[in-house]
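In: coordinates only, sequence not included:
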């Protein structure tokens, strides 16, 4: 089985248009006259991104929110989406369509088109393309983190992990933690407020540590994260205690869709966010816990197979 | 199993943005300042659109060409594409990437981004989103066919059908007919030349009869096709003879990706095309063979399950 990174390396050899951003960003940025169009395509597969018994309305919500989150990380205002849908069981498909309508209506985003295919396999694959318009140019990238910048993350981390584990254990109606996994929030207003002041920005879809390492690589600098600063919710702490181990776990799991960004120490941060580290010379990711150095865990986050 | 048409009817209830064109067109048309962005998303599934033993480079070519064909039908000039790719066997994935590079290079289209997912099922599903810019406004739609207009189709029909049948019978190296199925041509230059003079335009992806009926429905008029006028290639005639039956088959099969359009009888048609019918009062599709009426076949074309 090919890995995502080896396949993207193959594509990188010919994705040389500047709008592709070297396939190092979550989105493509296409300049049209005075406007910058932001466009992204994310897929979700049954058995990988959602369980076979997941609520179809939750799947629709997450498919939309995860794509809009990529737009949020670029400070974009969404225009609309195109859906790639694999048909299947009638009740599932109806519940998905109703859930999609609710999610689109929540975010005030238009369904513009798409395509359907019959399912000849046993697992569904769904895709969504989201279009937005940049509200600030230059459009934030992953690659602008400068030595001396502070690294921030919005909200709290780990809630989606706790929600997933609770549901996996059969506690489906667990409320806010399950919601954190099933119904992530695309931080569009935060992204638009932050776009003018950040030096780099992306969303945390695969885990703070893995995504911060990607930002470091794209920026050709190092990033140092202080695990003692990782923001945890009272619910997450209640579920798992507040320890170095639980902070490491919260920082190594995706699905939270918070915004991760760097800004100059002088910048006034206009949205609630927590400083979790800083940009340093060198390359890659280093960890500490307060003043104590911490070894990198074997897995930094969710690596797509 | 939900059918494509019933699912799209569900979506139509809330796809009310004018850019969605009521989900009656192949594309969405998003106006950005003085420009019209044309955007389309098509999927291909193993076992539905391509055989499991298909050449991955052919699959890549067809995935690109079928999406660019939707842009061609709107007279658009392509900008770039986003790929939704399901990972699998390493050799297959490499051959696909190499084939995609060749196809993109042939059409001078940029790869802008996309996403990959692991394959947890047994069949691949692939998606492509294509963006283009309108070269003429208003952008041709399916819905503008006027009573008295002539119905035209570019090129010849049936070659892809013959190619598919020959490959299915084990004759994989059959040359131009297999190429017609495996390597369809997106008629971008034709579409751009035609956009200023057509009243309606679409591509023939599911069969002349089915797609003409869709154009009639979208235009709220009737379309009459003369099967005696359906253009066949010498190769198709050599493979299947020239009879009413073989014309009916060529007109009921997709994958040819010719352009189907209507224009006033006075319009000078700037590209090679064959008049195959006309727009009439009433609704739906009627067939004749010369002067003799012909009953509609039970299946007008490729209906997605």
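Out: In hand now; what should we look at? Quick caveat: nothing in here was measured; it's all calculated off a predicted structure. Numbers count the residues shown, from 1 in each chain, chains lettered A, B, ... in the order given.
In: tell me the secondary structure for residue A:67?
Out: helix (DSSP: H, G, I helix; E, B strand; the rest coil).
In: before we move on, what about the one 3 residues further on?
Out: Classification of residue A:70 into helix, strand or coil gives helix, according to three-state DSSP.
In: Does it touch residue A:39 like I think?
Out: No - assessed by Cβ atoms under 8 Å, residue A:70 is found out of contact with residue A:39, at 9.3 Å. (Glycine included, C-beta is placed from N, CA and C.)
In: Identify the contacts common to these two.
Out: Common contacts of residue A:70 and residue A:39, defined by Cβ atoms under 8 Å, 6 or more residues apart in numbering or on different chains, comprise A:27, A:130.
In: contacting residues for residue A:41?
Out: Listed by Cβ under 8 Å, 6+ apart, the contact set of residue A:41 reads A:67, A:127-130, B:82-84, B:113-115, B:127, B:129.
In: Please disregard the earlier target; I meant residue A:182.
Out: Shown in contact with residue A:182 (Cβ under 8 Å, 6+ apart): A:54, A:55, A:58, A:61, A:62, A:163.
In: out of these, which are inside strands?
Out: Using DSSP state E, no member of the contacts of residue A:182 sits in strands.
In: just the helices in chain A please.
Out: Assigned by DSSP state H, chain A shows helices spanning A:4-12, A:56-72, A:90-107, A:159-168, A:176-182, A:188-194, A:208-219, A:234-240, A:244-250.
In: Would you check how far apart the nearest residue to residue A:146 once chain neighbours are set aside and residue A:279 are?
Out: Take residue A:146 and drop its neighbours on the chain: the residue closest to it by Cβ to Cβ, 6 or more residues apart in numbering or on different chains is residue A:199, 5.4 Å away. As judged by Cβ to Cβ, to the nearest Å, residue A:199 and residue A:279 stand 8 Å apart.
In: Common neighbours of those two, please.
Out: Listed as contacting both residue A:199 and residue A:279 by Cβ under 8 Å, 6+ apart are A:145, A:146, A:149, A:262.
In: can you redo the residues you listed as TSV with pLDDT, neighbour count and distance to residue B:9?
Out: What follows is these, written out as TSV (pLDDT from 0 to 100; neighbours: other Cβ atoms under 10 Å in any protein chain shown; distance: Cβ to Cβ, whole Å):
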residue	pLDDT	neighbour count	distance to residue B:9
A:145	98	28	48
A:146	98	13	52
A:149	98	24	51
A:262	98	29	47
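In: For residue A:62, which residues are in contact?
Out: Applying Cβ under 8 Å, 6+ apart, the residues near residue A:62 are A:44, A:49, A:50, A:182, A:183, A:184.
In: Mind pulling the model confidence for the fifth one?
Out: In this case it means residue A:183. The score at residue A:183 is 95. That number is its pLDDT.
In: And the closest residue to it other than its chain neighbours, what's its pLDDT?
Out: Leaving aside its sequence neighbours, residue A:183 sits nearest to residue A:61 (Cβ to Cβ, 6+ apart; 5.1 Å). Note on residue A:61: pLDDT of 97.
In: Residue A:80 versus residue A:61, what's the distance?
Out: Residue A:61 is 17 Å from residue A:80, by Cβ to Cβ.
In: Ok, residue A:25 next?
Out: For residue A:25, the distance to residue A:80 - Cβ to Cβ - is 21 Å.
In: Could you report the distance from residue A:171 to chain B?
Out: For residue A:171, the distance to chain B (Cβ to the nearest Cβ, to the nearest Å) stands at 24 Å.
In: now swap in residue A:155 and tell me
Out: Applying Cβ to the nearest Cβ, the value for residue A:155 to chain B is 24 Å.
In: contacting residues for the spatially closest residue to that residue that is not a sequence neighbour?
Out: Sequence neighbours aside, residue A:258 is the residue nearest to residue A:155 in space, at 4.5 Å (criterion: Cβ to Cβ, 6+ apart). Counting by Cβ under 8 Å, 6+ apart, residue A:258 touches A:153, A:154, A:155, A:156, A:157, A:187, A:203, A:204.
In: can you do 6 Å?
Out: Going by Cβ atoms under 6 Å, 6 or more residues apart in numbering or on different chains, residue A:258 touches A:153, A:154, A:155, A:204.
In: Farthest-apart pair in the shared contacts of residue A:199 and residue A:279, please.
Out: Using Cβ to Cβ, the shared contacts of residue A:199 and residue A:279 span at most 7.3 Å, a distance reached by A:146 and A:262.
In: Overlap in contacts, the two.
Out: Joint contacts of residue A:146 and residue A:262 (Cβ under 6 Å, 6+ apart) are residue A:199.
In: How many neighbouring residues does the residue nearest to residue A:281 when sequence neighbours are not counted have?
Out: Residue nearest to residue A:281 in three dimensions, not counting chain neighbours: residue A:147, with 5.4 Å by Cβ to Cβ, 6+ apart. By the criterion of other Cβ atoms under 10 Å in any protein chain shown, residue A:147 has 12 neighbours.
In: what pLDDT does residue A:147 get?
Out: In this model, residue A:147 is scored at 98, pLDDT.
In: what do you get for residue A:235?
Out: Reported pLDDT for residue A:235: 93.
In: can you count the residues close to it?
Out: A count of nearby residues for residue A:235, using other Cβ under 10 Å, gives 18.
In: OK, contacts around it?
Out: Residues near residue A:235 by Cβ under 6 Å, 6+ apart: residue A:177.
In: Of residue A:61 and residue A:80, which one has the most company?
Out: residue A:61 (24 against 21).
In: hang on, that one packs against residue A:104?
Out: No - Residue A:61 is not in contact with residue A:104 according to Cβ atoms under 6 Å; the separation is 9.8 Å.
In: so the residue nearest to residue A:146 sits right up against residue A:141, yeah?
Out: No - if you go by Cβ under 6 Å, residue A:199 and residue A:141 don't touch, sitting 9.3 Å apart.
In: shared neighbours, those two?
Out: By Cβ under 6 Å, 6+ apart, no residue touches both residue A:199 and residue A:141.
In: ok, these two, which is more surrounded?
Out: Using other Cβ under 10 Å as the criterion, residue A:199 and residue A:141 rank with residue A:141 on top: 24 against 20.
In: Look at the closest residue to that one other than its chain neighbours and report its pLDDT.
Out: Residue nearest to residue A:141 in three dimensions, not counting chain neighbours: residue A:25, with 5.6 Å by Cβ to Cβ, 6+ apart. Looking at residue A:25, its pLDDT stands at 90.
In: now residue A:86
Out: For residue A:86, the model assigns a pLDDT of 93.
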